[in-house]
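[1] turn this into a structure:
(2 chains)
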There are 2 protein chains.
Amino acid sequence: MTVAPRPVGPASVLDALRAALPIARILTDPTALDGYTRDEAEWAPFARPVAVVLPESVDEVAAAVRACARTGTPVVPRGAGTGLSGGANSVQGGVVLSLERMTAIVDINRAERYVVAQAGVINDTLRSAVAEHGLWYPPDPASYRISTIGGNAATNAGGICCVKYGVTRDYVLGLTVVLADGDIVRLGRTTAKGVVGYDLTALLVGSEGTLGVIVEVTVKLLPLGGREERAIVGSFPSLRSAGDAVAAITAAGLGPSALEIIDRLCLRAVDEWQQLGLPHEVDTMLLAKVDIPGSMGEAAAARMATLMVEAGAVTVERSIDSESVDRLFLARRLTYPALQRLGPVLTEDICVPRSAVPEMLARIQATAADNNIEIGNIAHAGDGNLHPLIIAPEGDGAARARAKVALDRIVDDCLALGGTVTGEHGVGLLKRPGARQELGSRVLALHQAIKDVLDPQGILNPGKGF
Amino acid sequence: MTVAPRPVGPASVLDALRAALPIARILTDPTALDGYTRDEAEWAPFARPVAVVLPESVDEVAAAVRACARTGTPVVPRGAGTGLSGGANSVQGGVVLSLERMTAIVDINRAERYVVAQAGVINDTLRSAVAEHGLWYPPDPASYRISTIGGNAATNAGGICCVKYGVTRDYVLGLTVVLADGDIVRLGRTTAKGVVGYDLTALLVGSEGTLGVIVEVTVKLLPLGGREERAIVGSFPSLRSAGDAVAAITAAGLGPSALEIIDRLCLRAVDEWQQLGLPHEVDTMLLAKVDIPGSMGEAAAARMATLMVEAGAVTVERSIDSESVDRLFLARRLTYPALQRLGPVLTEDICVPRSAVPEMLARIQATAADNNIEIGNIAHAGDGNLHPLIIAPEGDGAARARAKVALDRIVDDCLALGGTVTGEHGVGLLKRPGARQELGSRVLALHQAIKDVLDPQGILNPGKGF
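    Sure thing, here's the model as predicted:
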């Protein structure tokens, strides 16, 4: 499809935006713009946008997109900017469309168990709001206290309880989307089932703002009650032995509701920062939860403890005391900020077959040693989703170069073991080479053709996603 | 996209097929063709195909599609032909591509809990094969003993345990698809998580053969054990009171693994046919299952029984004896063939908000009475997915006209209550008007544009789906 030439450039898009929106919605001050240039991905390129738009309604989003469409201006949709792949990084000559002011919870339907929320609602705010109605929204990315439901949907965010309860896509029933020409469409349904038409909702979830701007999300909910949490925490002498325990627990089909690895580097970083009293003598901790109620839950927890011991755990602690469970999982959640104190952290997001977790962890350690670089490890181990955290000290060009070599080797190892380059963070900018390799030319061509249909001018988050 | 004129017609496609495939794969005998003209949908149009192709490998499917693409011939993919919307009905001048000989179970991966199966594997065969490895494939359409996993994926089939465990889409990790030009692509993944690229797997699931031919399906599995089934069966004086019980059980968030309604007409039809000893004095039965283990499962079952009594149940029977549970659910599964003995049955598939189930059931009864037509009711009531079974005696034109009036009124009532015209059977031919009404013009245009991208000649199951 060809598009007729039209006036483009910073001046024309600013004029168009000012004509379409209240002036208070448009930021152009350079200092203000600097807060919107990038997300949390290290090493991904970004540029200062022409403007940041902060719409307060669906109609204002549509008006902003129309203004950009008329002037052929790139639009970079943005939630909270907590992404780790550069998906929200601004591009030259573009407009950042921040959904942060779209914070209305539109409808909590207790009988049908769904909630409709605007894109800018924080995951944890949504979670608390539905809990008051006895309902539960499971997907819990590590960023759940700061990331938005719109960003979660746009990136198909994962989290800790995914191992049992699935990822964001599994909960999204419907979306309101502003298309590339500013038209507003509603996709999906609110009924429990429905098979009318193509699943455009699923197509948009995880599309990272390249096919449309998600402005409203309808997610299904589970009843809040009916679960009984038990934690089983093992201390292991090595990353690999903890990986063996993960493989054994997974193969046994015990249904953990969390199965997380934290290695020595991460444990120490958290403890030095927050003094949580974590054990310093262990190399790796494996944090498991079971939420099956009653005697079957108890039996599953006991079996997990046994499998940990058989895999080489030095100690295994079991707890049904929610406070100590929360303390241990708090350490997991604090790992990323704790490591960031040590220097810029490049967070990998590979996902390998669950049975390949021990082998992949061993390869990561070898890669760190061979390249003389520090790599911490946290992992949604029960899903095979590993987050090697590559630390590259500020200003040390040689270390950074070694880190890049290590990164490439980790990705190669992951693919060799049948894995994927991104389990939950999204492709953004950082994972494009790996994504293109994984998809292959024919499937990539299908992606481009679908992109061209939904965004013929190519203005929606250009250069991201595939 | 424009396509250059090319030789078309029955002769050329037969030549092309014979050049591409072993002769034993191609049926042209009129008697043989007659078995492939239609699925189980009443009233949907169909035509005798030019040929039926029975490929025995992915490459043979690709060869068949290429032959059709080169001659511009419509291709109607077909699993077991058990559909209820006309999705597999043959079209004038077309070729039916039956996947029935693609019956290999390619890989059962116990550690990763998935199975790869060719499209023609029967759902129940898949289920049995994975059970031997301690694994469970939940989606259980009523046709599970005769329908194929490929057809289940192409229509996003539902079933009885969906109310707790979700539909086919929720289990499909990946697909091998033959595209409209005969190219073979693999979509999706085998890892537990993965967010590379657009979710083309989800786009293809439920697309009813209009975007590609599904030749191989990878579905995730659950552990077979860890559940304890309890049945709770209530007998109600009216359809509406049973509906009230459904709404109460759903609102209470008790997590039933089945919640099915069978009305008087269906109960009698099954019992007269099979002498199951079902109670004749009741009007409506509500069949619930709970599979939460232990005391919490027991508590949930007890609470369901109480809610049934409060909604007006005359008797409530509880059982953990798997034989009597199976007998009661057998009646549910036999309803459709039992009713077919009374005359052609048009199976509706509306899905309304769960809380609207009592109102919708009352409206269906009023519609039956007002139009002097028999309408039986079975329902996946816990999902709001109702199957009014409209009986139109053979050769009675007036009754058939009244049945059509009733059908339209049911669809209108469903939409007025916020429902969708197809919960699990698919759009096929029968639901196209309702689907177009639901989707609206802009979203329909997106459908057509995506269809044009994947099938520029429009040869894949033309006229179906939207």
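[2] only C-alpha atoms from now on, for both contacts and neighbour counts.
    Fine.
[3] gap between A:Ala369 and A:Thr155?
    With distances defined as C-alpha to C-alpha, to the nearest Å, the gap from A:Ala369 to A:Thr155 amounts to 33 Å.
[4] these two: which is more packed in?
    For A:Ala369 and A:Thr155, the more surrounded residue by other C-alpha atoms under 10 Å in any protein chain shown is A:Thr155, and the numbers stand at 28 against 13.
[5] would you mind measuring from that one to B:Ile292?
    Computed with C-alpha to C-alpha, the distance linking A:Thr155 and B:Ile292 is 33 Å.
[6] do A:Gly343 as well
    Distance, A:Gly343 to B:Ile292, using C-alpha to C-alpha: 47 Å.
[7] for A:Ala111, grab the count of nearby residues.
    Residues contacting A:Ala111 under the criterion other C-alpha under 10 Å number 16.
[8] check it and give its pLDDT.
    Turning to A:Ala111, the model gives it a pLDDT of 86.
[9] taking the stretch 101-250 of chain A, what residue is nearest to chain B?
    The stretch 101-250 of chain A approaches chain B most closely through A:Gly194 (4.0 Å), counting by C-alpha to the nearest C-alpha.
[10] am I right that that residue is in a helix?
    No - according to DSSP: H, G, I helix; E, B strand; the rest coil, the state of A:Gly194 is coil, so it is not within a helix.
[11] same for the lowest-mean-pLDDT helix or strand in chain A, what does it pack against?
    Ranked by mean pLDDT, DSSP states H and E, the weakest helix or strand in chain A is helix A:322-340, scoring a mean of 82. Under the contact criterion of 3 or more C-alpha pairs under 8 Å, 6 or more residues apart in numbering or on different chains; DSSP states H and E, helix A:322-340 touches helix A:264-274.
[12] which residues are contacting the helix it packs on?
    Counting contacts by C-alpha atoms under 8 Å, 6 or more residues apart in numbering or on different chains, the residues outside helix A:264-274 that touch it are A:276-278, A:280, A:282-285, A:331, A:334-335, A:338-339, A:375-378.
[13] show me these that map onto strands.
    Among the contacts of helix A:264-274, the members falling in strands are A:284-285, A:375-378 (criterion: DSSP state E).
[14] quick one, domains of chain A?
    When chain A is parsed with automatic domain parsing, its domains come out as A:10-101+A:449-454, A:105-223, A:230-416.
[15] which of those sits most buried?
    Here the criterion is mean neighbour count by mean count of other C-alpha atoms under 10 Å in any protein chain shown, and of the domains of chain A the winner is domain A:105-223, at a mean of 23.
[16] between the two ends of that one, what distance do you get?
    In domain A:105-223, first residue to last residue: 19 Å (C-alpha to C-alpha).
[17] and A:Gly440, how many residues sit next to it?
    Around A:Gly440 sit 12 other residues, with neighbours defined as other C-alpha under 10 Å.
[18] tell me which element it is part of?
    With elements delineated by DSSP states H and E, A:Gly440 resides in helix A:432-454, which encompasses its position.
[19] who touches that helix?
    For helix A:432-454, the external contacting residues (C-alpha under 8 Å, 6+ apart) are A:1, A:179-180, A:210-212, A:411, A:420-421, A:427, A:458, A:464-466, B:185, B:187, B:196-198, B:446, B:449-450, B:453-454.
[20] looking at the residues you listed, which are in helices?
    Using DSSP state H, the members of the contacts of helix A:432-454 that fall in helices are A:411, B:446, B:449-450, B:453-454.
[21] dump the residue contacts of A:Arg78.
    Residues counted as contacts of A:Arg78 (C-alpha under 8 Å, 6+ apart) are A:88, A:96-100, A:151.
[22] any idea which of those residues is closest to chain B?
    Looking across the contacts of A:Arg78 and measuring by C-alpha to the nearest C-alpha, the closest to chain B is A:Gly151, at 13.7 Å.
[23] which neighbouring elements make contact with the helix or strand harbouring the closest one?
    With the criterion set as DSSP H and E, the secondary-structure element containing A:Gly151 is helix A:149-155. Counting contacts by 3+ C-alpha pairs under 8 Å, 6+ apart, the secondary-structure elements packed against helix A:149-155 are strand A:114-118, strand A:213-220.
[24] apply 10 Å and report the result again.
    Counting contacts by 3 or more C-alpha pairs under 10 Å, 6 or more residues apart in numbering or on different chains; DSSP states H and E, helix A:149-155 is packed against strand A:75-78, strand A:114-118, helix A:123-131, strand A:172-178, helix A:200-204, strand A:213-220.
[25] distance of A:Ser324 from A:Arg227?
    Distance check for A:Ser324 against A:Arg227: by C-alpha to C-alpha, it reads 17 Å.
[26] roughly how far does A:Gly294 sit from B:Gly226?
    Relative to B:Gly226, and taking C-alpha to C-alpha, A:Gly294 is found at 12 Å.
[27] let me see the mean pLDDT of the helix holding A:Gly151.
    Along helix A:149-155, the predicted local confidence has a mean pLDDT of 98.
[28] need the next SSE after that helix, C-terminal direction.
    With elements assigned by DSSP H and E, the helix or strand that comes after helix A:149-155 is helix A:162-165.
[29] contact partners for A:Val352?
    By C-alpha atoms under 10 Å, 6 or more residues apart in numbering or on different chains, the residues touching A:Val352 are A:359-360, A:381, A:383-386, A:413-423, B:190-194.
[30] ignore the last one, A:Thr125
    By C-alpha under 10 Å, 6+ apart, the contact set of A:Thr125 is A:103, A:105, A:131, A:144-149.
[31] pick the one among the residues you listed closest to B:Ser355.
    A:Ala131 (20.1 Å; C-alpha to C-alpha).
[32] what's around the nearest residue to that closest one once chain neighbours are set aside, how many residues?
    Excluding its sequence neighbours, the residue lying closest to A:Ala131 (C-alpha to C-alpha, 6 or more residues apart in numbering or on different chains) is A:Leu224, at 6.7 Å. Burial measure for A:Leu224: 16 neighbouring residues, criterion other C-alpha under 10 Å.
[33] ok, A:Leu224 touching A:Ala129?
    No - in this structure, A:Leu224 sits apart from A:Ala129 without contact. The criterion is C-alpha atoms under 10 Å, and the distance is 11.9 Å.
[34] what do the two both touch?
    With contacts taken as C-alpha under 10 Å, 6+ apart, A:Leu224 and A:Ala129 have A:135-137 as neighbours in common.
[35] turn the residues you listed into TSV, including pLDDT and distance to chain B.
    Compiled in TSV, the shared contacts of A:Leu224 and A:Ala129 are given as follows (pLDDT from 0 to 100; distance: C-alpha to the nearest C-alpha, whole Å):
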residue	pLDDT	distance to chain B
A:Leu135	96	9
A:Trp136	97	11
A:Tyr137	98	14
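[36] which of those fall within strands?
    Secondary structure assignment by DSSP E places A:135-136 of these in strands.
[37] thinking again about what came up before, the residue of the stretch 101-250 of chain A closest to chain B touches B:Leu386, doesn't it?
    No - with the criterion set as C-alpha under 10 Å, A:Gly194 and B:Leu386 do not qualify as a contacting pair; they are 11.7 Å apart.
[38] residues that sit against both of these two, list them.
    Contacts common to A:Gly194 and B:Leu386, judged by C-alpha under 10 Å, 6+ apart, are B:349-352, B:422-423.
[39] between those residues, which is closest to A:Ile249?
    B:Gly423 (36.5 Å).
[40] who are the contact partners of the closest residue in space to the closest one that isn't next to it in sequence?
    Closest residue to B:Gly423 in three dimensions, ignoring its sequence neighbours and counting by C-alpha to C-alpha, 6+ apart: A:Gly194, at 4.0 Å. Shown in contact with A:Gly194 (C-alpha under 10 Å, 6+ apart): A:173, A:188, B:156, B:158, B:167, B:349-352, B:383, B:385, B:419-426.
[41] hmm, try it at 7 Å
    B:351, B:420, B:422-424 (C-alpha atoms under 7 Å, 6 or more residues apart in numbering or on different chains).
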